[in-house]
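> Okay, sequence plus prediction incoming.
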Amino acid sequence: MARILIVDDSPSQLLGIKRIVEKLGHEAITAEDGAQGVEVAKREIPDLILMDVVMPNLNGFQATRTISKEETTKHIPIILVTTKDQDTDKVWGLRQGAKDYVVKPIKEEELVAALKEHLPK
């Protein structure tokens, strides 16, 4: 069982993603914006992070960059989960340190495949 941090400012998205994560037998921890996501990542050191992009305070690109540069959290794989579906958004997200990119609305099988690929073995 892995501990997965879900960062999303939408309560319905948070709940939907949490349901998928828990159905796979993993523990879900949550944060409601990028700044809180960075704090929780540093405190909890999850096995993987699912990060929204469009959020208040600190967007997902900024939070991903911060987490992937921080010594204590840079090993944690981050998957961006967002409505931003342009190729330039994907390239930018990967350049910030994300390992993968899943576009909303989420297809459960796509998210499950990304989790299986990036969770530590």
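Looks like it arrived, so ask away.
> per-residue confidence for the spatially most central residue of the chain?
The centre of the chain sits closest to residue 50, judged by C-alpha atoms, centre = their mean, with a distance of 1.6 Å. Looking at residue 50, its pLDDT stands at 98.
> likewise residue 108?
On the pLDDT scale, residue 108 gets 97.
> Give me the distance between the two termini of stretch 67-80.
Terminal residues of stretch 67-80 lie 13 Å apart, using C-alpha to C-alpha, to the nearest Å.
> Any idea what the residue nearest to the centre of the chain is bridged to?
residue 6, residue 79 (DSSP bridges).
> How about the contacts made by it?
With contact taken as C-beta atoms under 8 Å, 6 or more residues apart in numbering, residue 50 is in contact with 4-8, 17, 21, 78-79, 81, 111. For glycine as for every other residue, the C-beta is placed from the backbone atoms N, C-alpha and C.
> Let's see if you can find the most crowded of these.
Within the contacts of residue 50, most neighbours by other C-beta atoms under 10 Å means residue 7, with 32 neighbours.
> picking that back up, would you quantify the distance from the residue nearest to the centre of the chain to residue 79?
To residue 79, residue 50 is 5 Å away according to C-beta to C-beta, to the nearest Å.
> Against residue 119, how distant is residue 1?
10 Å.
> out of these two, which sits in the more crowded spot?
Neighbours were counted for residue 1 and for residue 119 using other C-beta under 10 Å; residue 119 has more, 15 against 8.
> from what I can see the more buried one touches residue 25, true?
No. Residue 119 lies out of contact with residue 25 (C-beta atoms under 8 Å); the separation is 11.3 Å.
> need the strands for this structure, in chain order.
In the chain, the strands defined using DSSP state E lie at 3-7, 27-31, 48-51, 78-82, 100-103.
> partners of the last one, with directions?
As defined by DSSP bridges, the strand partners of strand 100-103 come to strand 78-82 (parallel).
> Any idea how far the strand it pairs with is from the middle of the chain?
Counting by C-alpha atoms, centre = their mean, to the nearest Å, strand 78-82 is centred 4 Å from the centre of its parent chain.
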